[in-house]
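>>> Here is the input, now give the coordinates:
(one chain, ligands or ions: 1)
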Amino acid sequence: MKYFSTRGYAARPEFCDILLDGLAPDGGLYLPETVPTICRDELDAWRHLPYAGLAFEILSKFITDIPADDLRDICARTYTADIYCHARAGDDPAQIAPLRWLEPGKLGLLALSNGPTLAFKDMAMQLLGNLFEYVLEKRGETINILGATSGDTGSAAEYAMRGKSRVKVFMLSPHGKMSAFQRAQMYSLADENIFNIAVTGMFDDAQDIVKAVSNDAAFKARHRIGVVNSINWARIAAQVVYYFHGYFAAASSNAQQVAFCVPTGNFGNIFAGHVARSMGLPIARLVLATNENDVLDEFFRTGVYRPRKASETHVTSSPSMDISKASNFERFVFDLVGRDPATVTRLWKEVDAGGAFDLSGMPFFVHLPGFGLVSGKSMHVDRLATIQEVHARYGVTIDPHTADAMKIAWQHAASLPADVPLLVLETAQAAKFADTLREALGCDPEIPADLQGLEALPQRVELMPPDVEAVKAFIAAKT
Ligand SMILES: *Cc1c(COP(=O)(O)O)cnc(C)c1O
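Take a look at the predicted model:
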């Protein structure tokens, strides 16, 4: 499988090249040249595979430059019940991403947050850690990973890369914007290859720094900079797997359709759902939920994409979605405009200059229902009410991000055919967001036994202004 970019870069690299690369040289995002399609026989053959086996089958469609036996081994080492060990009582940890019905056959939670950092980012990042190690070893290279996190990517990347000898991690986070537990997860890591940088700004400032450094080709080459943000294609590919897994768990036969509701920030998770559907998975609808930062909800209602400035971004109680510039959205728009790099380049010229674009008058926007994506927006009060209601109705404690999705899922459930189950993607565990859970339920969320006491450990973090040169100097000094 060869890759090209949403803006037309066409040197046709393969997976292992773009794995270490992040952004394409033209500033676009990598995509496979063709979307592999799945035939009915394959779906039937995959239905009963364990998670690691399913991951191998799907990933081998996108990764053709790693020998099959090696890829199979990487998947088998990544998706184990030992790593995804935080399954809740009653859920089967061997499932890796267990489906928990709230209303049997109608509404379910797909638990994606059983990994080391209690958020769905682990589902892809654990794989990336092992892929990086494998490819770097083969090539005799090292890499310095630069990332920006709104809360969960950072810890997932650090837990995936800690102790790996050929990898250093430089992770930017917005100072004071993450929950105490999220901070403790990252800043308490003592591994020598992990560097935490708290930027006095918003997540989007941190993400802009990563983009600026990535766009400096000379610096990037000299310091062997790699990127693990959700623009990294390998993460999307890994996330495609759990849509298939969730589908098989929810649909009693491959003739049935399933809908998914996804709490969204950078459009990575839900874009993986779009890819799964493009491959032929019978997904009836993708439902997108935003929090107060509703740039994407605005687009799906109006056709206008107007990223906000950092100063217009709200700090909310679902912090991992406090994003006003959804990087992966460029990949979706690429499909929407008929996979035309010239149009994408033109649209993002507007966006990158601080502007907006409006697709409402264009024929493909009129046909958007064919893309089967609807949206909604959930606010702090909704989040609290939803956490309370899910707890009261089903005896289940959900985190604030999952609550945003649940609220929008309820809104859209009635418009689905009766035989289409709706799965809400559970993107984090409540333990990560004690303040909000206390506000909603009046008590602390349960913390898994192996993570109790985390917040009391000593922390290590570098405080910095949102300044590209300062970050570059820091990286240069440490590499
Ligand atoms: C990252 C994250 C999201 C948003 O996912 P995207 O792929 O950026 O859309 C939602 N919920 C949680 C808990 C997250 O960590």
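>>> Tell me the residues on the chain that lie near the ligand, please.
Within the chain, the residues that sit near the ligand (C-beta under 6 Å from any ligand atom) are 119, 121, 152, 230, 263-269, 320-321, 401, 427-428. Glycine gets a C-beta too; all of them are placed from N, C-alpha and C.
>>> what about 5 Å?
Within the chain, the positions adjacent to the ligand are A119, D152, P263, T264, G265, N266, G268, N269, S320, H401, T427, A428 by C-beta under 5 Å from any ligand atom.
>>> Let's have those in CSV, adding secondary structure and neighbour count.
Compiled in CSV, these are given as follows (DSSP: H, G, I helix; E, B strand; the rest coil; neighbours: other C-beta atoms under 10 Å):
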residue, secondary structure, neighbour count
A119, strand, 27
D152, coil, 28
P263, strand, 31
T264, coil, 32
G265, coil, 30
N266, coil, 24
G268, helix, 25
N269, helix, 27
S320, helix, 29
H401, helix, 33
T427, coil, 30
A428, strand, 26
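>>> so which of these would you say is closest to R346?
Taking C-beta to C-beta as the measure, R346 lies nearest N266 of the residues of the chain next to the ligand, at 22.2 Å.
>>> Apart from its chain neighbours, what residue comes closest to the closest one?
On the basis of C-beta to C-beta, 6 or more residues apart in numbering, the spatially nearest residue to N266 that is not a chain neighbour turns out to be S230, at 4.6 Å.
>>> check contacts around the one you found.
Contact partners of S230, counting by C-beta atoms under 8 Å, 6 or more residues apart in numbering, are T153, I236, N266, F267, G268, N269, S327, N328.
>>> one more time with 7 Å, if that's ok
Applying C-beta atoms under 7 Å, 6 or more residues apart in numbering, one finds that S230 lies in contact with T153, N266, G268, S327, N328.
>>> Which two among the residues you listed are spaced furthest apart?
When those are compared pair by pair using C-beta to C-beta, the two farthest from each other are T153 and N328, 12.5 Å apart.
>>> out of these two, which sits in the more crowded spot?
Here T153 and N328 are set side by side on neighbour count (other C-beta atoms under 10 Å), and the busier one is T153, at 28 against 25.
>>> what separates the closest residue to the more buried one other than its chain neighbours from E462, distance-wise?
Leaving aside its chain neighbours, T153 sits nearest to K121 (5.2 Å; criterion: C-beta to C-beta, 6+ apart). When distance is defined by C-beta to C-beta, to the nearest Å, K121 is 22 Å away from E462.
>>> Those two: who's more crowded?
Using other C-beta under 10 Å, the more surrounded residue of K121 and E462 is K121, with 32 against 15.
>>> doesn't G154 make contact with the more buried one?
No: under the criterion of C-beta atoms under 7 Å, K121 makes no contact with G154, lying 8.7 Å away.
>>> does C261 sit in a helix, a strand or a coil?
strand (DSSP: H, G, I helix; E, B strand; the rest coil).
>>> Can you pull out the low-pLDDT segments for this structure?
For the chain, the stretches flagged by pLDDT under 70 are 364-371.
>>> and with 80 instead?
20-23, 151, 229-230, 310, 363-372 (pLDDT under 80).
>>> quick revisit: remind me which helix or strand the residue nearest to N266 belongs to.
Under DSSP states H and E, no helix or strand contains S230.
>>> helix/strand/coil for the spatially closest residue to L463 that is not a sequence neighbour?
Once its chain neighbours are removed from consideration, L463 has its nearest residue in A198; the separation is 5.1 Å (C-beta to C-beta, 6+ apart). At A198, secondary structure determined by three-state DSSP is strand.
>>> Check the gap between A198 and L189 for me.
When C-beta to C-beta is applied, the distance between A198 and L189 equals 14 Å.
>>> just to revisit the earlier point, show me the contacts for the residue nearest to T153.
With contacts taken as C-beta under 7 Å, 6+ apart, K121 has the following neighbours: D152, T153, A156.
>>> Make CSV from these and add distance to A392 to it.
What follows is those, written out as CSV (distance: C-beta to C-beta, whole Å):
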residue, distance to A392
D152, 27
T153, 32
A156, 31
